[in-house]
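J.: A predicted structure for the sequence below; I have some questions about it.
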Amino acid sequence: MDLKTNHSSPVITDPVPVNNSILGLHSSMMPYASSSVGYNSSGMYANTPRKKAIPGKLGEIRANSLLDAMTASSPPRKKLNKEFGLDAAIDETDPAYRAWTMRYPSALTSFDQITGCAKGKKLALFLDYDGTLSPIVDNPDNAIMSDAMREAVKNVAKCIPTAIISGRSRDKVFEFVKLTELYYAGSHGMDIMGPVRKSEPVGHRQNCIRTTDKQGKEVNLFQPAGEFLPMIDEVFRSLVEIVKDIDGAHVENNKFCASVHYRNVDPKDWDDIGERVNAFLKAYPRLRLTHGRKVLEVRPVIDWNKGKAVEFLLESLGLSDCDDVLPIYVGDDKTDEDAFKVLRERSHGFGILVSTVPKETDAFYTLRDPSEVMEFLKSLVRWKEAASEEYEDNESTTDH
């Protein structure tokens, strides 16, 4: 099947919300303005749906130029702080910041509340990589996680099923993390190597094959966008040529998506790089153009994202459609919102946003940076160990 044509425009997605500020925050970001959160009799939270966007606004947003979207999605830190009424260094006494943290409290200070909901439940942990386990750096090839973070992830994976879901290629993420205890989903969940359920028949999912990993362990390899591999490779090579004369531009092949990084590009050239990529993709209607923090991403037009990847992995782990499961997803980028939304709409599980600045999000809690993520992971391990000791003591008492 010929996936290429010369008569259609690419799909531009992930529009940036219009920000009408009140005390530096959009009105929907004030505490519980758009959703009410409480806890039901089972100890799990219940929430009312968020209000839908006002009709007509979406069209206005989509009418913005790609440059507007690029600029708005990746503003300098000082601009973000100014936009939300904050100083260059976060002022915790600022009313806008305090209002945001009231709605999205720290997962560390709220740890007892989280573990209270987790008591008696099976946990599943999902982690983004860049900006979550490693700091954001100018050169994406240098986004190396610290040894201390690797140890924290290794320890938590020993007691909780853990997966990393990244926009990077699955192989690249594994090169960074180097832990065999985890499950990996690359290319925003379009390339998943996950567990095999003993009860499932071989090949019961389309685009899913049973194979072995590098350690000889039997796993499922799921690639819902497999047919796009030749096209993405072709697009990647073309994009390298298209932006090679723009100083600081970097194109990364993430297997099922191609990423054009402009973090090191002079802002005056952003318009140029956006126009080149956009014009080139008019020949590929089955690819869409999305944007993240100083990156343009070319992805297949399929109904798949990090939220779908979470659902797939929960099913593979035998933890879907269970009342005694608590999934936790930790991430920092716009693409992680798909996973936060899934957990919110399923009314079980917690999304945790990693951010030092106020953002609209479907997460329930926040952490500031990878160092706080590491402390959260260590706290989970200590809690699991204490819970295990308490269970053993109770069993010992019962036996006697």
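T.: Perfect, thanks for sending it.

J.: List the residues that contact the residue nearest to residue 372 when sequence neighbours are not counted.
T.: Counting by Cβ to Cβ, 6 or more residues apart in numbering, the nearest residue to residue 372 once its immediate chain neighbours are dropped is residue 108, at 6.2 Å. Every C-beta, even on glycine, is put in place using the N, C-alpha and C of the backbone. Neighbour list for residue 108: 367, 372, 375-376, 379 [criterion: Cβ atoms under 8 Å, 6 or more residues apart in numbering].

J.: isn't residue 221 right next to residue 192, touching?
T.: Yes. Residue 221 is in contact with residue 192 according to Cβ atoms under 8 Å; the separation is 7.3 Å.

J.: who has more neighbours, these two?
T.: Neighbour tally, residue 221 and residue 192, criterion other Cβ atoms under 10 Å: the higher count belongs to residue 192, 25 against 17.

J.: now what about the strand or helix carrying that one, what contacts it?
T.: With elements taken from DSSP states H and E, the one containing residue 192 is strand 191-194. Taking contacts as Cβ under 8 Å, 6+ apart, the residues outside strand 191-194 that touch it are 163, 169-170, 183-186, 213, 219-223, 255-256, 309, 312-313, 316-317.

J.: so what does the helix or strand that it is followed by touch, helix or strand wise?
T.: Remark: after strand 191-194, the chain's next helix or strand is strand 208-212, criterion DSSP H and E. Contacts defined by 3 or more Cβ pairs under 8 Å, 6 or more residues apart in numbering; DSSP states H and E place strand 208-212 against strand 218-222.

J.: Now do the end-to-end distance for stretch 130-139.
T.: Using Cα to Cα, to the nearest Å, the gap from the first to the last residue of stretch 130-139 comes to 12 Å.

J.: Check which residues of it are buried.
T.: Neighbour-count burial for stretch 130-139, counted by 16 or more other Cβ atoms under 10 Å, picks out 130-136.

J.: For the stretch 101-250 of the chain, just list every one of the helices.
T.: Per DSSP state H, counting those that start in this stretch, the stretch 101-250 of the chain has helices spanning 111-118, 147-159, 170-177, 229-242. These are given in chain order.

J.: Need these in JSON lines (columns: distance to residue 344, mean pLDDT and mean neighbour count).
T.: Converted to JSON lines, those look like this (distance: least, Cβ to Cβ, whole Å; pLDDT from 0 to 100; neighbours: other Cβ atoms under 10 Å):
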{"stretch": "helix 111-118", "distance to residue 344": "14", "mean pLDDT": "95", "mean neighbour count": "16"}
{"stretch": "helix 147-159", "distance to residue 344": "23", "mean pLDDT": "97", "mean neighbour count": "17"}
{"stretch": "helix 170-177", "distance to residue 344": "25", "mean pLDDT": "95", "mean neighbour count": "20"}
{"stretch": "helix 229-242", "distance to residue 344": "31", "mean pLDDT": "97", "mean neighbour count": "16"}
